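Enquirer: Let me see the structure of the following:
(one chain, ligands or ions: 2)
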Amino acid sequence: MQKLFIKTYGCQMNVYDSERIADILSPMGYGLTENPDEADLAILNTCHIREKAEQKMYSDLGRLRDRRDERRQDKQDMIIAVGGCVAQAEGAEIMRQAPYVDIVFGPQAYHRLPEMIARAKRAKDAKEGKVGKGVGVVDTDFPLESKFDTLPQTEVSRAASFLTIQEGCDKFCTYCVVPYTRGAEFSRPAGDILEEAKHLARLGAKEITLLGQNVNAYHGAPILGDKEWGLARLIRAVADIDGIERIRYVTSHPSDMTQDLIEAHRDVPQLMPYLHLPVQAGSNRVLEAMNRKHTRESYLEILEQLRQVRPDIALSSDFIVGFPGESDKDFEQTLDLVRQVRYAQAYSFKYSIRPGTPAGLMELQVPEEVKSERLQQLQDVLNEHQLDFNKASVGKVMKVLIERKGRHVGNLSGRSPYMQSVTIEGNDRLLGQIIDVEIKSGHANGVRGSVKLVS
Ligand code: 5AD
Ligand code: SF4
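Expert: Ligands and ions are numbered 1, 2, ... in the order given. I've put the predicted structure just below:
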């Protein structure tokens with residue numbers, strides 16, 4: 001058995017891809033390891049969304065090279081591969097910066113990894129003895145054949161499973177690299193998705209998170225003569241699959257929140273009362289410069305409609321502070337929107353210039369200190385609201401899907417319907433179960449509770 005180490009950066013789409021990469025390589029005799037020291041093949045599945053993620057990848061790569069050199073002293077080797085969005089954006093340039101990298105592959109080409117690995121091995125054998133340099137296999141195509149058509153079914157059971165239904169983005173927000181790295185918007189056919197969802201359910205999935213960079217723009221090809229599928233219809237069909245008790249979807253764009261999707265939050269009990277709906281900023285001037293295609297008012301109107309059909313819905317968002325031209329007054333409007341909505345959780349970032357994006361060329365870039373100050377201010381408010389939300393759960397009994405062991409011995413950790421991280425004390429046999437938990441205390445990053453009843 002050969003050992004495969006995968007490190008995943010960035011979003012859940014990458015997590016799904018990494019799982020599928022493990023599925024593809026398992027028949028080739030690669031078993032997963034969490035220890036990069038023993039890896040025969042090490043893959044970094046990278047993220048290009050902000051500069052920081054990219055820098056982290058390069059420093060991790062340097063460490064892998066050192067490990068590979070140590071292994072070579074013991075007459076072992078390591079194939080080093082870089083996948084994901086940095087690979088897509090930079091291609092062979094990665095090998096100029098890190099010449100010891102053997103394989104660079106894009107997110108649409110990973111079904112071809114077995115072939116790339118075979119090529120890398122042949123090239124390594126051919127240059128035996130010439131240590132130091134990688135062998136230079138690059139595949140960052142957007143192939144005509146879809147990877148989804150050739151990927152093997154997973155055999156790994158996960159109570160909370162991810163399922164990619166859509167990839168790419170046609171929105172072209174001016175700060176964002178996604179339309180360039182993941183390409184044009186593409187929806188998988190509904191029939192294929194439902195097959196995969198049934199397979200996951202058979203393997204033991206209780207929760208499915210439907211994934212896409214623009215998941216609510218989903219428009220899947222019809223199943224035999226029927227009409228095109230939207231996300232709401234797909235959610236209803238997944239809810240009909242035996243064993244699927246919870247459904248989530250991420251990430252959505254406000255301008256694709258259709259009426260039938262909002263109604264699904266009212267009608268489909270399996271659809272969890274949680275929505276991640278990024279707003280990015282609270283000022284219309286900034287939203288327009290970002291090419292967001294929604295206004296502060298249209299966004300708030302959607303939240304209002306969601307709260308009407310599902311009053312307990314927990315809301316989450318992404319924010320960017322320090323977008324070019326953002327004034328103190330603009331930023332105040334972001335704070336004001338946050339105070340109005342009171343998010344249950346949120347992610348906030350300093351604007352980061354991305355190569356090739358229109359905002360990178362805009363004048364009036366905001367100084368780093370101003371960005372840091374705004375981020376701190378914003379996070380103070382967001383954290384306060386998140387803590388309030390978690391504290392408001394105390395005394396409630398919630399259904400929690402126990403996903404993994406906790407950080408401390410005897411602890412288990414899972415998610416509430418509202419996506420809160422829940423820690424309990426309990427026996428490992430609860431792993432993968434949905435159980436009733438009484439919430440005892442609320443904290444900054446989650447809640448603690450105790451088991452009520454095993455369902
Ligand atoms: N700078 C900072 N944050 C960004 N995001 C996307 N592009 C950038 C950028 N250039 C954030 C957005 C998006 C999340 C995934 O990452 O908030 O919703
Ligand atoms: Fe990027 Fe905007 Fe597309 Fe989201 S909607 S992936 S932020 S371009």
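
Enquirer: Next to ligand 2, which bits of this structure? Give me the list.
Expert: 169, 171-173, 176, 178-179, 213-214, 253 (Cβ under 6 Å from any ligand atom). All C-beta spots, glycine's among them, are computed from the backbone N, C-alpha and C.

Enquirer: Including pLDDT, secondary structure and distance to Glu196, could the residues you listed go into a markdown table?
Expert: Listed next are these as a markdown table, based on pLDDT from 0 to 100; DSSP: H, G, I helix; E, B strand; the rest coil; distance: Cβ to Cβ, whole Å:
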| residue | pLDDT | secondary structure | distance to Glu196 |
| --- | --- | --- | --- |
| Cys169 | 95 | coil | 22 |
| Lys171 | 96 | coil | 26 |
| Phe172 | 96 | coil | 29 |
| Cys173 | 98 | coil | 29 |
| Cys176 | 96 | coil | 28 |
| Val178 | 92 | helix | 23 |
| Pro179 | 92 | helix | 25 |
| Gln213 | 94 | coil | 18 |
| Asn214 | 95 | coil | 19 |
| His253 | 98 | coil | 23 |
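
Enquirer: Can you tell me which of the residues you listed are classed as buried?
Expert: 169, 171, 173, 176, 178-179, 213-214, 253 (16 or more other Cβ atoms under 10 Å).

Enquirer: can you pull out the helices in this structure?
Expert: 12-25, 51-73, 84-90, 93-97, 113-126, 147-150, 178-181, 190-203, 231-239, 259-267, 284-289, 296-309, 328-341, 368-392 (DSSP state H).

Enquirer: Let's have those helices in CSV, adding distance to Ile43.
Expert: Formatted as CSV, the helices of the chain follow (distance: least, Cβ to Cβ, whole Å):
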stretch, distance to Ile43
helix 12-25, 7
helix 51-73, 10
helix 84-90, 9
helix 93-97, 13
helix 113-126, 8
helix 147-150, 15
helix 178-181, 17
helix 190-203, 22
helix 231-239, 30
helix 259-267, 35
helix 284-289, 37
helix 296-309, 38
helix 328-341, 37
helix 368-392, 32
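
Enquirer: Extract the residue ranges of the stretch 101-250 of the chain that are flagged as low pLDDT.
Expert: Within the stretch 101-250 of the chain, the ranges that satisfy pLDDT under 70 run 128-132.

Enquirer: List the contacts of the residue in the stretch 301-450 of the chain positioned nearest to ligand 1.
Expert: Proximity of the stretch 301-450 of the chain to ligand 1 (Cβ to the nearest ligand atom) peaks at Asp318, 3.3 Å away. Residues counted as contacts of Asp318 (Cβ atoms under 8 Å, 6 or more residues apart in numbering) are 251, 276, 278-280, 346-349.

Enquirer: how does it look with 7 Å?
Expert: Counting by Cβ atoms under 7 Å, 6 or more residues apart in numbering, Asp318 touches 278, 280, 347.

Enquirer: Using a markdown table, please lay out these together with distance to ligand 1.
Expert: Listed next are those as a markdown table, based on distance: Cβ to the nearest ligand atom, whole Å:
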| residue | distance to ligand 1 |
| --- | --- |
| Pro278 | 4 |
| Gln280 | 5 |
| Tyr347 | 7 |
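
Enquirer: Now list the buried members of those.
Expert: 278, 280.

Enquirer: now the contacts of Asp318 in a markdown table, with pLDDT?
Expert: Shown next, in a markdown table, are these (pLDDT from 0 to 100):
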| residue | pLDDT |
| --- | --- |
| Pro278 | 98 |
| Gln280 | 98 |
| Tyr347 | 97 |
